[in-house]
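J.: can't give you the sequence, but here's the structure:
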């Protein structure tokens, strides 16, 4: 009896630590399962919709405009002309029409967890992939974790999760894949002209 009690305590501590560390992975699979089952109540607990909507809006708008995410505007006290110009320019640009909420439906969230990326609001997650990708841990801290899923065509989608309870985590940010995130195996086949230049040792005209 004297030996069983310490072993029980040790196993209990190990189980607690394992559950504490694996919390984000469990929450991710819970998110994928809840989205597949269209369990809206569970999704409301697992997703901070306002934060995710803001993150997707910034990425989708800049992707449509062809620009990167803008830096903060100049200070009016330090650069009044630049501040006024920064305030006027957005008013002259047409606002792109993007339905951000179409990425926040249960089906779209399911597709995001499968790595559908920017096509998550269009594809059918039931036929999108034969085998759901396993999430990789990119970063872990006691209160914040980043997981990623990689699709061979779409690239890498990053999920930032924040601790809400001792073992519960909530999705706060979704990083959509870009052109630079495509796997290196997807190389471009050289043209016959490029092959001839390479064999002769000459440089390509674009270089």
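T.: Perfect, I can see it now. None of the values given here were measured: they were computed from a predicted structure. Numbering: from 1, shown residues only.
J.: what is the least confident helix or strand in the protein?
T.: Taking mean pLDDT, DSSP states H and E as the measure, the chain has helix 192-200 as its least confident helix or strand, at a mean of 49.
J.: and the strands in the chain?
T.: Listed in chain order, the strands of the chain (DSSP state E) span 136-140, 144-151, 155-163, 169-175.
J.: counting by contacts, list what the last one packs against.
T.: For strand 169-175, the contact count by 3 or more C-beta pairs under 8 Å, 6 or more residues apart in numbering; DSSP states H and E identifies helix 23-36, helix 40-46, helix 49-65, strand 155-163 as packing neighbours. Backbone N, C-alpha and C define where each C-beta goes, glycine included.
J.: wait, which of these is closest to residue 99?
T.: Closest to residue 99 of these is helix 49-65 (C-beta to C-beta; 9.5 Å).
J.: the closest one: which residues count as buried?
T.: By 16 or more other C-beta atoms under 10 Å, the buried positions in helix 49-65 come out as 51, 52, 53, 55, 56, 59, 60, 63.
J.: cool, and stretch 122-140?
T.: Counting neighbours by 16+ other C-beta under 10 Å, stretch 122-140 gives 123, 125, 128, 129, 132, 133, 135 as buried.
J.: confidence-wise, which of those comes last?
T.: pLDDT across the buried residues of stretch 122-140 is lowest for residue 129, at 86.
J.: got the contact list for that one?
T.: 114, 115, 151 (C-beta atoms under 8 Å, 6 or more residues apart in numbering).
J.: pretty sure the last one contacts residue 113?
T.: No: using C-beta atoms under 8 Å, residue 151 is not in contact with residue 113, being 10.9 Å away.
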